[in-house]
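> return atomic coordinates for the entry below.
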Amino acid sequence: MQMVGKIISIFDISIEVVLSSDNVKVGDILEVVDDPNYRFEVVEISNTSATCISLGSTRGLKKGLDVKILSHGIHVEYSDKILGRIFNSYGIPIDKRKIESVKTRRTDHPTTTLQELNIESQILWTGIKVIDFFAPLQKGFKMGLLGGAGVGKTVLIKEIIHNVYTSLNSNAIFTGIGERSREGQELYSEMKKSNLLDKMAMVYGQMGDNPVSRSKAVYSGLTMAEYLRDEKKQDVLLFIDNIYRFIQAKAEIATELKQILIGNGYPSDMASEMSKIEERINSNQNGSITSVQAIYIPADDLTDESVQTIMSYMDGQIVLDRKVAELGIYPAIDVFNSTSKLVDVEKIGERHFSLVESVLKTLTRYNELEEIITVLGIEELSEEDKLIFYRARKLRNYFSQPMFVAEAYTGIPGEFVKIDDVLNDVEAILNGKYDDIDESKFLFIGKVS
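Numbering: from 1, shown residues only. Prediction:
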């Protein structure tokens, strides 16, 4: 044991330590000699003292206590033992079951180098029609998921996990940052009921935890995802809910340390902190990490500095809309605001690209016709507009889908729909092949035939 100093001041989560050793560096973890429950991360060194932030509560902590350095830093389990388990921000199981460790790894290791990156990854088809058609994913992509409570976000996440595991035999990591304890428990229970729990690991920095704990959850989740990619050679799904809470936690830490904040109270190093996370989410020769990141929009302001910083790293966005949910269409995705960098002629092909354009054009015209019908009635439409109107309603219903993870509630067997079938169906609807079929027949089906 190497004693490296004494605590000389305590201010909420900020701890000042006078150093007796020159071996301490920024990023090291210090621990009170007689009580391992008190641990701190060194964030700044000045002459003979170190400023630290507490990894947990400082209640009961006293001045004058001796501290030692932990050589391993923050580390988490780096083996198959993570699957089917739920951890806190520091890799400690919180599901009331012990873990027999096989191997651990530090959470703050360097990002993937340029030489290791694989940017020629394949498209990751989810089998969910509306996503694969309007906002397809690519292995290694980062996709923003925008939407409030009650619009089907959890069901969509579960379905993506189910479908990707079924098609690729790949596992998933769910990372909750600033999550309510109740929501975490509900997701855990739902995953267990859906037989998905053994296919994933969950990491939570709960809302009631201090900001340091909340900010560290994402690094623990990333490290577990890297295990599945680099050791298991898998294409991994990483869900982060909510990435905005990471920036919020960093802002709270910066306030405690009396650092200068920028507009709206965000930390001045926000961009560099985000890059540390996002640069670890990518593909290499072993496999890929594909991330879906829920993003809270403060005051519904898309121009907010934090939102702009986060979105600069995203390869697309999936927007869940309450108005779509109110129509009884699930997944309740707003197709006008959901985008992907893959929607390009050279990436998805001319046919797929032109069909996306045609569908959006048809649905846009449908919205215009709805306003006309509200005032004048459908009889005032031309025959051409009537065809557009009814075909658009068929398309809107077609992009609903029965989900595997919701079978117990809907009684409708879930379906995985291949993208070729989606393109064929969409083309047929647009060309009038199904004009004689009632629009209700297109609601909650897989492929048409």
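
> now the spatially closest residue to residue 339 that is not a sequence neighbour: how far from residue 278?
Using CB to CB, 6 or more residues apart in numbering and skipping residues adjacent in sequence, the residue nearest residue 339 is residue 316, 5.2 Å away. Where you see a C-beta, it was placed from the backbone N, CA and C, and this is true even at glycine. Summarising the geometry, the distance separating residue 316 from residue 278, computed by CB to CB, to the nearest Å, is 14 Å.

> equivalent analysis for residue 439, please.
Residue 439 sits at a distance of 42 Å from residue 278 (criterion: CB to CB).

> confidence score at residue 371?
Model confidence at residue 371, given as pLDDT, is 79.

> report the buried residues of the strand or helix carrying it.
When secondary structure is defined by DSSP states H and E, residue 371 falls within helix 350-376. Buried positions in helix 350-376, judged by neighbour count with 16 or more other CB atoms under 10 Å: 352, 353, 355, 356, 359, 362, 363, 366, 369.

> closest to residue 266 out of the residues you listed?
Lowest distance from residue 266 to the buried residues of helix 350-376 (CB to CB) belongs to residue 356, with 35.2 Å.

> tell me who's in contact with that closest one.
Under the criterion of CB atoms under 8 Å, 6 or more residues apart in numbering, the contact list for residue 356 reads 133, 134, 343.

> for it, give its distance to residue 132.
Per CB to CB, residue 356 is found 11 Å from residue 132.

> show me the contacts of residue 356 that map onto helices.
Among the contacts of residue 356, the members found in helices (DSSP state H) are 133, 134.

> need the contacts of residue 356 in a markdown table (columns: distance to residue 430 and neighbour count).
Rendered in a markdown table, the data for these read as follows (distance: CB to CB, whole Å; neighbours: other CB atoms under 10 Å):
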| residue | distance to residue 430 | neighbour count |
| --- | --- | --- |
| 133 | 13 | 24 |
| 134 | 15 | 22 |
| 343 | 17 | 18 |
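
> who has more neighbours out of residue 316 and residue 278?
When neighbours are counted by other CB atoms under 10 Å, residue 316 and residue 278 differ, and residue 316 comes out ahead with 21 against 18.

> what sits against the more buried one?
Residue 316 sits in contact with 135, 137, 141, 143, 144, 338, 339, 340, 341, 342, where contact means CB under 8 Å, 6+ apart.

> now restrict those residues to buried residues only.
Once neighbours are counted (16+ other CB under 10 Å), the buried part of these comes down to 135, 137, 141, 143, 144, 338, 339, 340, 342.

> nearest to residue 247 among the residues you listed?
Nearest to residue 247 among those is residue 144, at 13.7 Å by CB to CB.

> quick check, the closest one in a strand?
Yes: the assignment for residue 144 is a strand, going by DSSP: H, G, I helix; E, B strand; the rest coil.

> quick one: it and residue 311 touch, right?
Yes: judged on CB atoms under 8 Å, residue 144 makes contact with residue 311 at a distance of 6.3 Å.

> shared neighbours, the two?
Common neighbours of residue 144 and residue 311, using CB under 8 Å, 6+ apart, are 295, 317.

> biggest separation within the contacts of residue 316, which pair?
So for the contacts of residue 316, where distance means CB to CB, the most widely separated pair is 144 and 342, at 14.3 Å.

> can the contacts of residue 356 go into CSV with extra columns for distance to residue 213 and pLDDT?
Formatted as CSV, the entries for those read as follows, by distance: CB to CB, whole Å; pLDDT from 0 to 100:
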residue, distance to residue 213, pLDDT
133, 40, 96
134, 37, 96
343, 38, 94
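
> residue boundaries of the helices in this protein?
Ranges of helices in the chain, per DSSP H, are 129-134, 153-168, 181-193, 211-230, 243-256, 270-278, 305-311, 322-326, 345-348, 350-376, 383-398, 407-410, 419-430.

> Serialize the ones you listed to a markdown table and add fields for distance to residue 57.
Supplementary listing: the helices of the chain in a markdown table, determined by distance: least, CB to CB, whole Å:
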| stretch | distance to residue 57 |
| --- | --- |
| helix 129-134 | 41 |
| helix 153-168 | 30 |
| helix 181-193 | 16 |
| helix 211-230 | 10 |
| helix 243-256 | 14 |
| helix 270-278 | 23 |
| helix 305-311 | 27 |
| helix 322-326 | 38 |
| helix 345-348 | 49 |
| helix 350-376 | 51 |
| helix 383-398 | 51 |
| helix 407-410 | 40 |
| helix 419-430 | 50 |
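
> of those, which approaches residue 96 most closely?
When those are compared by CB to CB, helix 181-193 sits nearest residue 96, at 11.5 Å.

> neighbouring contacts of that closest one?
Against helix 181-193 from outside (CB under 8 Å, 6+ apart): 86, 95, 154, 158, 174, 176, 197, 200, 202, 204, 206-208, 408.

> what's the angle between that helix and helix 153-168?
Helix 181-193 and helix 153-168 are oriented at 30 degrees to each other (axes from the mean of the first three to the mean of the last three CA atoms, to 10 degrees).

> rewinding a little: worst mean pLDDT among the helices of the chain?
helix 181-193 (a mean of 77).

> buried residues, that one. List them.
Within helix 181-193, the residues that count as buried by 16+ other CB under 10 Å are 183, 184, 187, 188, 190, 191.

> with stretch 39-55 instead?
39, 40, 41, 42, 43, 45, 50, 51, 52, 53, 54, 55.

> state the distance from the closest residue to the second one other than its chain neighbours to residue 60.
With CB to CB, 6+ apart as the measure, residue 52 is the residue that lies nearest to residue 40, at 3.6 Å, once sequence neighbours are left out. In this structure, residue 52 lies at 17 Å from residue 60, with CB to CB as the measure.

> one more: residue 251?
Residue 251 sits at a distance of 27 Å from residue 60 (criterion: CB to CB).

> which one of these two is surrounded by more residues?
Each of residue 251 and residue 60 had its neighbours counted (other CB under 10 Å), and the higher figure belongs to residue 251 (21 against 8).

> wait, that one touches residue 263, no?
No: applying CB under 8 Å as the test, residue 251 and residue 263 come out as separate, 11.4 Å apart.
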